[in-house]
Structure formats: C-alpha cells, structure tokens
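Colleague: the sequence and its predicted three-dimensional model are supplied below.
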Amino acid sequence: MEQQLNFELQGNDPRVSFMAGMRRLVLDEARATRDRIQQGWSRPVPRRVADGLAIEGLRVEQVRLDGDLELVCVQNHSRFREGDTLCLNRGNPFEPPRAMVTLESDDETRLLVSLADLGITWAELLTKADGWVLDEGYLDLSHYFLDALDEVADSVVGRERVLPLLMGRAAPKIDVERWERGMGLADSVGLNWSQAEAFANAYAADLAYCIQGPPGTGKTRVLAHLASALAEDGERVLVTAFTHRAINNALNKLDEVASDTAAIKIGRTTRADDLAVENYEYFDTSPMAAMKGGYVIGATPFAPRTRRLGGVEFETVIFDEASQITLPLAVMGMLAGKKFIFIGDQQQLPPVLTTRYSGGAFRDSVFGVLAERGFDTMLTDTYRLSAELVAWPSRHFYQDRLVPVEDAAQRRIDYSQPPARLAEILDPEAPKVFVDLGHHNVTTRSHKEAGVVVDLIETLLACGVAAGEIGVVAPYGAQGREIRNLLRQVLPGTATRKQIVVDTVERMQGQERDVVIVSLTTSNPTFAANLAEFFFQPERLNVAVTRPRKKLILVGSRHVLKAEPEHEEWQQAVELFKDLLDSCAYFSLYLP
C-alpha cells in the first residue's frame, strides 16, 4: 500500500496527498504518545511519583461485580484526571502483571478504575492486594482512525461529501423555503437574532454549517433546539463531541428545552452519572433500534466504528466543541451521516496533540479548517459575562462583537454577609482583580498560592456564596491537586468540597460559575518561556477568564511577565498576558 501511495503522490493527486497527511498525523500521534509514555516508564518509581506521573503504594480494596476496581493509597500527587488511561502494575509497567485501566473516579486517596484490557488475573488482584502502582498508560486506537480513512477513500459519502467539504472543494447550499421555516421555528422558541440566524442556516443547509459560539452565547441551547427540530422532521441525529461531558451537557439541554424529543446516549454507564436521558451500552439494546421516526443519539466519534453504534446511519451529525476535534476524528463521525453541523469556537482550546507540526490543516481542528469559508455564523450576545468581564476577551478575540445582554451587563456578586477578610479583593464593585503574591521561581506547584486560593474560598463561603458557584482554574494538574488537598483539610465535609470545581483549563471549558479563581502558579520566567506555547497560549487564556458570571480573581506573581520566549509569536502572547493583568484591579499580597 505504501508503494501505491508514493506512486500516486508523485501524480500530484490532491485527494491522495490530503489523505496521506491525515494518515501521517494519526501514525505520528500514536508513535509519539507511546514513546513519551514509555520514556516515563523507564525512570525509577520515586522519580515518576515526584513528577506526578505515578501513584505508588496502592491497595486493591474491592473488585466490584462489574469488574471495576476500588483502589486506596496514602498519598496522591499525580497529574491524573478522571477519564485518563493508566497502567496498573507492580512497579515495572513493561512487565506483567499489568493492565490498562481507565480512571473513573478520583477522590484523592480513593480511586475507582475500570479495566480497559485484562492483563491481570483476578487471582493476582485478590492475592496481591497491596503494592500496586498506577502509571500513565495508553491505548493505541490508531486502527480505528486508519479504518475510517480507508472508508473515506472507498465510500460514496467519503468521496462525494466528506473529502470535498474538508478540502474546500464543496460548499453548502441554503434552501430558502427551509431557511424561512427555520427562522419561524427559532422565533417560536425565543432565540435571539444571531442564534436564530445560526439555527436557520444550519437547518436549511444541505451539506454543512458552522456555528461559532463564544463564551456564554447559548451555543448548547441552539444545538438542542436544532437537534429537536431535525428529529421532529423525522431525521436521525447523532450528537457527538470530543468529551463525554460535552455530549452529556448537550443531551441535558435537549431534555430541558424539548423533553418530548426521543433521545438517548450510547456508551459506558460510568460516563452517564450526570445524564438526564437514558443511557444504553449498545444501540441494539435500546428502544431506538425499533423506532421508525426521528430521534437523537449522543455518542463519541468512536462509537460508530465499534459494536456500540456500528452500522447505524444518520441524516445529520452535530459536532459540539468542534474546535477540539482533529480532522481524522471528525472523519469518524462524518462517515455516519450525510449532513454535518459543527459548533465550536476557534478562539478557545484547540485539539491536544503530542506531535508538533509547523502549521496547516492537520494541526488545526475541523472547526478551524471550515470556519470563515462563508458558511458560518457567530453568536454575539453573551448571557454569562458582565460588561467588565466581557470587555477584554471581546476586544482581543471577537472584534468587539461579543456584547452582554441587558440582564448580564451590570451583574454583580451579592453577599448575604459582607466579607470580614480580604474585603478589597472581594469587593463587588471590582469584578476583575489580580492578586499579586510576588513569589519567585515557582514552576508547576505553589503551596503558598494554593493557600491563598483556599483562603479566598473559605471567605466566599462565609459570605454566603454557594459552594457550587465557586470554580478554580489552574494550568497544571499538580497545582489543582495541591488546592484540593488543602481544601480537604479546611472543609472536611465531602458534599460541600465536591461542589467546588478545581480543575485545569481543559476540564473547565464549557463550564461557568459566579466566581472563578485562576491560580496562575508559575513565576519562574525561564520555565515560563520554555513552556510559552502552553502557558501563554491565547486560547487557553481566553477560556480561563471567560468562566465567571460575576467575579474573576487572578492569583499569581508578576515575575512571570519577565519571560522572554524565543519566538515572536509567544513574545506577543506574553504582552497579551500582561495586558490582561493590567486590565484588572491590582492588589499586592506579598506573603513571607
């Protein structure tokens, strides 16, 4: 096959070249991920633990009837997050006994994992209950991608719809009568003007449409009404996304705005604990398998390539958070349908890739590739951000087009009890503040900064702010865990503590809270300069500062602004970062 590919490339066939680029991305990503993780495995266990890449001293407390394992440990300073693939082993991940597992739940010293592959016998788990280690793991899913790419080349939908669209050789046509019907439907459910325009165009397009949804503009609401309208027309609709959280959010919003729409999710039950609609492991065991009318199904792009949803055809595929979906991943979902709606925001987080490309379509998301080709609409009214909170992101990312609705513009945080401490920082008339701790040489974890964050949380709770309305964003998993560990000490009540979301920017995208505290953490300029593509990434910054409805508190050190990255692009990103801090009310809180 490689010889044929090389021969055809010499013939300058653009389709073959395009397919080869996607194939190369898949293979390079799989190889780079495997090499990175195995390089980590080669280090001693104490080093892996210190780097946050392992948890040692685990004990198997229980093997559940469903095969999931309950594990306990004394300390957990890892970077791991729920949903990560990990390797359970006896200290050497290269040798048996070992098994790849998925981290389902992480309560610091108590973890729940499900077996992704059974490389350990039940006897080994039960007779050797102590002394287990969790390391970074990986599952090579490249064959799913490659099979999908092969199908694109061999199928009618691939050759006539998917490839021409992705390569810029086809554009959608809008049916005028259907557009007018769409505008009427949008008006009947109370969508604002930009939402109605996006809805009508997506509803009337024959091939594809893109909806850009900046923070708080109601993109999930538009998605839900669109999915409901298409199902009402008798269409089978697949709602998919990069994360289960995004799929669940979309289905929950659909249940909220159109509960009579037939809708389910296909996937593991462990990914459905916050789901308002029914979840089924497999399509053929669901009521939809016998339905003749329209319906909505939520599933990952992988599901149509597996027994879960394989062979099920859809009229429309709606991609949420499409700015995080690579072209090969998009192809997986697109092959299941005939029409494609992409909802995302290229000014928020791009796809996470291990390999680094110089640029171009294969590094970009499917949304980034398709947006601004003349078949996209940007939602412009934010229901989340107040006038003070929206000004900076609107100016730098949305050409001053993002504006607050009237009810949000003058929004302020309201305390049932005025703050007894930190009153200036928590002043309702200062919606956006920077607390400068002045620390030096911090890289990925600051105990001092975590202490200030927890102090702010305690004070907010004492003022009557609900725990569920407080969120903390940190750039690193290590800092997030440091904050959570301190919270365990001051808030022993599990229920209250679990309502306070403390997570990375990636996990906070799509969420909102009344108050958001951003722990900047890093103050070592050299470290920040070397990590500039990550730390100063404008899209990451945009997501972090657009989570709050009423109050944004940035906690960190201005010493990080001394960073001097090598490339001009990242020097400009440092200036953007500085501009953000300068736009905030400033408070110095230098601590010994």
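Modeller: Structure received.

Colleague: and residue 450, what does it touch?
Modeller: Residue 450 makes contact with 479, 482-483, 486, 519 under the criterion C-beta atoms under 8 Å, 6 or more residues apart in numbering. Just so you know, the C-beta spots here come from the backbone N, C-alpha and C atoms, and that holds for glycine as well.

Colleague: quick check: it vs residue 457, distance?
Modeller: 11 Å (C-beta to C-beta, to the nearest Å).

Colleague: what does residue 172 give?
Modeller: Residue 172 is 48 Å from residue 457, by C-beta to C-beta.

Colleague: just residue 178 next, same as before
Modeller: 50 Å.

Colleague: who's more crowded, those two?
Modeller: residue 457 (24 against 15; other C-beta atoms under 10 Å).

Colleague: so that one sits right up against residue 472, yeah?
Modeller: Yes. Between residue 457 and residue 472 there is a contact under C-beta atoms under 8 Å: 7.5 Å.

Colleague: quick check: neighbours shared by the two?
Modeller: 500, 517.

Colleague: so which elements touch the helix or strand where residue 28 lies?
Modeller: Per DSSP states H and E: residue 28 is located in helix 14-41. Using 3 or more C-beta pairs under 8 Å, 6 or more residues apart in numbering; DSSP states H and E, the elements in contact with helix 14-41 are helix 2-10, strand 132-136, helix 142-154, helix 163-166, helix 327-334.

Colleague: how about the longest one: buried residues?
Modeller: Right, the one you point to is helix 142-154. Across helix 142-154, burial judged by 16 or more other C-beta atoms under 10 Å covers 142, 144-146, 148-149, 151-152.

Colleague: so how far is that helix from its chain's centroid?
Modeller: 25 Å (C-alpha atoms, centre = their mean, to the nearest Å).

Colleague: next, the angle from it to helix 327-334.
Modeller: Between helix 142-154 and helix 327-334, the angle comes out at 70 degrees (axes from the mean of the first three to the mean of the last three C-alpha atoms, to 10 degrees).

Colleague: skip ahead from helix 142-154 and say which helix or strand is next.
Modeller: Next along the chain from helix 142-154, counting by DSSP H and E, comes helix 156-157.

Colleague: what does that next one rub up against?
Modeller: Here helix 156-157 has contacts from 334-335, 338, using C-beta under 8 Å, 6+ apart.

Colleague: can you give me the strands for the stretch 101-250 of the chain?
Modeller: Secondary structure of the stretch 101-250 of the chain by DSSP state E, counting those that start in this stretch: the strands cover 110-115, 132-136, 208-212, 236-240.

Colleague: now mean neighbour count too, for these, in a markdown table please.
Modeller: Formatted as a markdown table, these follow (neighbours: other C-beta atoms under 10 Å):
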| stretch | mean neighbour count |
| --- | --- |
| strand 110-115 | 19 |
| strand 132-136 | 24 |
| strand 208-212 | 27 |
| strand 236-240 | 27 |
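
Colleague: confidence-wise, which of those strands is weakest overall?
Modeller: The minimum mean pLDDT among these belongs to strand 110-115 (a mean of 90).

Colleague: just how off-centre is that one within its chain?
Modeller: That offset, for strand 110-115, works out to 21 Å (C-alpha atoms, centre = their mean).

Colleague: now swap in stretch 277-295 and tell me
Modeller: 26 Å.

Colleague: may I have it as CSV, with CA atoms only?
Modeller: The C-alpha atoms that make up stretch 277-295 are tabulated as CSV, following Å, rounded to 0.1, in the frame of the first residue of the first chain:
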residue,chain,number,x,y,z
VAL,A,277,-31.7,11.0,29.4
GLU,A,278,-31.4,7.2,29.3
ASN,A,279,-28.0,5.6,28.6
TYR,A,280,-27.5,2.3,26.8
GLU,A,281,-24.3,0.4,26.3
TYR,A,282,-25.3,-0.7,22.8
PHE,A,283,-27.7,0.7,20.2
ASP,A,284,-29.3,-2.7,19.5
THR,A,285,-30.4,-3.0,23.1
SER,A,286,-32.0,0.5,23.1
PRO,A,287,-35.6,1.4,22.1
MET,A,288,-34.3,3.4,19.1
ALA,A,289,-33.4,0.1,17.4
ALA,A,290,-37.1,-0.4,16.7
MET,A,291,-38.1,3.2,16.0
LYS,A,292,-39.1,4.4,12.6
GLY,A,293,-39.3,8.1,13.3
GLY,A,294,-36.7,10.7,14.1
TYR,A,295,-34.5,10.6,17.2
